[in-house]
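[1] Provided below are the primary sequence and the corresponding predicted coordinates.
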Amino acid sequence: MKWVNIKLFVLNFWHNATTPKSFYLLYSIFIVLTCYAAVSGVKNHITQNEIRLDHQVKARQSWEANPDKHPHRMAHFGTFAFRINASLGIFDHGLESFTGNTVFLEAHRQNSVNFSEATFSTGMLRFGELSLSLLLQLVLPLVLFFLGFSSVAKDRQNGTLKMLLSQGATWKEILFGKSLGLFAISMLYFIPVFLTVIIALLIYGQQGANDFLWLRLLFISFGYLAFLFIISTLTIIVSASTHTSKGALLRLLGIWLLLVVLLPKSAQAMGNYWFPTPSKLAFQSAIEKEVVKKGDSHNPNDPHYNNLRDSVLSVHNVKKVTDLPFNYSGFVMREGEKITANLYRKHYKKLISIYNSQNDVTQFSSFINPFTAIKQLSMIMSGTDFSSYIDFQDQADTYRYQLAQTMNELQMEYISPKKESGSEGKKHVVDHEHWSEFKDFRHQPMIFSKSIKEASLTLISITLWMLFVFWLLLFTSKKAKAI
């Protein structure tokens, strides 16, 4: 295989693809879509983060504005946690519009994340938002199919292949040259998109910056380069394996529909069927039943807390809770919060395990679908995937637990054990200065090491796809015919 001949086929493909006026019309439409996707993505990113940061500040001001109050009432007053959109959300929106961005944090209750864009939108959002990643994942492959479907089939029909082969060219040189030529054409589309992303990150990337932002972008870049090479090679292979240009185009469109629509939807449906999730009511009921069995801190006659009270009185060698050196009600609330939090985390861990099993079906489908592989890698590295959303939920619940326990400890320390139980009136209060001592919630992006771990399967699948198309190219070069 001579690289001089391969270079000639690359240049020939480039000339043939870029000569027709339709190429420039197609390219102009793609650039216009790129500009629109970039502007809308940046605008949405800035607007959403400004709104969330503003509401986070207002929630904090509302928290600190509370007067002297009983700590347990403050724990129920609660506050809000807002999820900040990652910087690379400019490029890939991922699940951002579907997962919600706000959760109310209060004692004894782990509330769900609410206010996703999808809940306020029409069903059209389900078809996806126009983003820069969507252009590279769905639109650009169609463009490459259109540019390359006739590259070999047409040469077979007009007799050019016989002339090339008779003059000393080999099938390997023809297929590799045309594949690299189509890949080079794809760079005309790819480079403007990523230059746009880089410029946007340099200007607006400070809001909700990702951990290892530029390294993440590097992984995304290499992932898309590999994906475009896979698509380019598959296009040439299909063209070489089909007798007519029309047949090659129909096959390529059928492949696109199969890989983009049918397989992803089938994988999701199978995941939901094999690993069904409980309803929200069933999930909460299961937790409440275990709380009742384990110990209800709001029930004065609960056996668990009766035994706990006797143990505490025995340890401190007193007969009444009012003789303890701390507020016993605060101690009970602290124990109750610990029990409910542990039970919630146990059930929540099981629920997340089910969701992960469902997602694993989709992830494993990337071994037979390169479109799924690049989509998963793009979302994970952009910080807009399911694992990033779960990471936010974990941060919010950790903060909620710390807030509740801090209020319980304030009650134990500052509310006199001699006073009657209750949280009403001015005698059961602590100074409002304590509210500002507890730090505000700040959402941090998921660390890069976790993202790499989540992306490991997709990175392997993309690597295997690269090896597969190389093998398929060699196999096709041995079986292809000039007639």
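    Ah, there it is.
[2] now stretch 49-58: mean pLDDT?
    Averaged over stretch 49-58, pLDDT sits at 95.
[3] ignore the last one, stretch 22-39
    Averaged across stretch 22-39, the pLDDT comes to 96.
[4] list the buried residues in it.
    Of all the residues in stretch 22-39, those buried under the rule 16 or more other Cβ atoms under 10 Å are 23, 26, 27, 30, 33, 34, 37, 38. In this view, the C-beta of every residue, glycine as well, is placed from N, C-alpha and C.
[5] and if you look at stretch 47-66?
    Applying 16+ other Cβ under 10 Å to stretch 47-66 flags 48, 49, 52, 53, 56, 59, 60, 63 as buried.
[6] from those, which two are the most distant?
    48 and 63 (22.5 Å; Cβ to Cβ).
[7] list the residues that contact the residue of the chain positioned farthest from its centre.
    Residue farthest from the centre of the chain, counting by Cα atoms, centre = their mean, is residue 319 at 55.6 Å. The contact partners of residue 319, taken as Cβ atoms under 8 Å, 6 or more residues apart in numbering, are residue 313.
[8] can you tell me how far it is from residue 303?
    Distance, residue 319 to residue 303, by Cβ to Cβ, to the nearest Å: 20 Å.
[9] over to residue 387?
    As judged by Cβ to Cβ, residue 387 and residue 303 stand 40 Å apart.
[10] show me which of the two is the more surrounded one.
    residue 387 (19 against 10; other Cβ atoms under 10 Å).
[11] tell me the confidence at the residue nearest the centre of the chain?
    Geometric centre of the chain, nearest residue: residue 385, 0.7 Å, by Cα atoms, centre = their mean. pLDDT recorded at residue 385 is 94.
[12] which ones are touching it?
    Contacts of residue 385 (Cβ under 8 Å, 6+ apart): 94, 95, 376, 379, 454.
[13] closest one to residue 238 out of those, please.
    residue 376 (24.3 Å).
[14] what is the burial count for the closest one?
    Counted with other Cβ under 10 Å, residue 376 comes out at 26.
[15] helices of the stretch 151-300 of the chain, start to end?
    Counting by DSSP state H, counting those that start in this stretch, one finds helices in the stretch 151-300 of the chain at the ranges 153-157, 160-166, 171-204, 213-241, 245-257, 263-274, 280-294.
[16] where does the stretch 351-483 of the chain have low pLDDT?
    Where the stretch 351-483 of the chain drops to pLDDT under 70, the residues are 419-427, 483.
[17] name the helices or strands packed onto the helix or strand encompassing residue 54?
    Counting by DSSP states H and E, the element that carries residue 54 is helix 21-64. If you count contacts as 3 or more Cβ pairs under 8 Å, 6 or more residues apart in numbering; DSSP states H and E, helix 21-64 packs onto strand 79-82, helix 132-134, helix 140-148, helix 171-204, helix 433-437.
[18] after the last one, next one along is what?
    Using DSSP H and E, the next helix or strand after helix 433-437 towards the C-terminus is helix 448-479.
[19] what's the angle between that next one and helix 213-241?
    With axes from the mean of the first three to the mean of the last three Cα atoms, to 10 degrees defining the directions, helix 448-479 sits at 20 degrees from helix 213-241.
[20] out of everything not next to it in sequence, what's closest to residue 108?
    Take residue 108 and drop its neighbours on the chain: the residue closest to it by Cβ to Cβ, 6 or more residues apart in numbering is residue 340, 5.6 Å away.
[21] name the element that neighbour belongs to?
    Assigned by DSSP H and E, residue 340 falls in helix 328-364.
[22] chain center to that helix, what's the gap?
    21 Å (Cα atoms, centre = their mean, to the nearest Å).
[23] distance of the residue farthest from the centre of the chain relative to residue 312?
    12 Å.
[24] just how off-centre is the helix holding residue 54 within its chain?
    Computed by Cα atoms, centre = their mean, the chain-centroid distance of helix 21-64 equals 17 Å.
[25] any idea which helix or strand comes after it?
    Following helix 21-64 in sequence order, the next helix or strand is helix 71-77 (DSSP H and E).
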